[in-house]
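Participant: Any chance you could fold what I've pasted below:
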Amino acid sequence: MVCVSGICDCEIPAMQYHEPYDKSCKARGKYKESCYTIEDGSTCYSNMICVNGVCGCNATQYHNPNVHSCNTTGRYLDPCSTAARNTSCYPPLICSSSVCHCELPAMMHYDAGANTCNDGT
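Facilitator: Numbering: from 1, shown residues only. Below is the predicted model of the structure:
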């Protein structure tokens, strides 16, 4: 805990939260770790949310394990994370070379209206 001009806070607020019960600083929870709601959000790390006592991402995001945060789920040709095991793109798209594509880009085209990947024929 660090105090400046009578105001105290955790040393690294982005990675810690103030536990009012024992007046200490605790590490923020990572993805799928337990959490609870506090005055300024939750005990989760970064931009994660606490849902049913577990840190996670909202419905339009995926967990990016490389940066321990939630990123926006990608649409066609959006950037994505291959480390996120194809949860970083909206289905039926997959993450290939860090960009959301159809499974076989050379043989398929993307139909944005139907959100489908179709044979190029």
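
Participant: Let me know the helix or strand that the spatially most central residue of the chain is in.
Facilitator: By C-alpha atoms, centre = their mean, the chain has its centre lying nearest to residue 70, at 1.3 Å. Using DSSP states H and E, residue 70 falls within strand 69-72.

Participant: Given that strand, what are its sheet partners and their directions?
Facilitator: strand 61-64 (antiparallel) (DSSP bridges).

Participant: could you dump the strand it pairs with to CSV, C-alpha only?
Facilitator: Output of strand 61-64 as CSV, limited to C-alpha atoms (Å, rounded to 0.1, in the frame of the first residue of the first chain):
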residue,chain,number,x,y,z
GLN,A,61,-15.1,-10.6,-26.6
TYR,A,62,-12.6,-13.4,-26.3
HIS,A,63,-9.8,-14.0,-23.8
ASN,A,64,-6.4,-13.3,-25.3
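
Participant: from the chain's centre, how far out does it sit?
Facilitator: 3 Å (C-alpha atoms, centre = their mean, to the nearest Å).

Participant: Could you list the residues in contact with it?
Facilitator: 31, 48, 56-57, 69-73, 81, 83-84, 87-88 (C-beta atoms under 8 Å, 6 or more residues apart in numbering). No exception for glycine: its C-beta is placed from N, CA and C like everyone else's.

Participant: at 10 Å what do you get?
Facilitator: Residues from elsewhere that reach strand 61-64 (C-beta atoms under 10 Å, 6 or more residues apart in numbering): 30-32, 46-49, 55-57, 69-74, 80-81, 83-90, 95.

Participant: Among those, which lie within strands?
Facilitator: Judged by DSSP state E, strands contain the following of the contacts of strand 61-64: 49, 55-56, 69-72, 95.

Participant: Just give me the closest of those residues to residue 40.
Facilitator: Within the ones in strands among the contacts of strand 61-64, the smallest distance to residue 40 is 13.0 Å, found for residue 49 (C-beta to C-beta).
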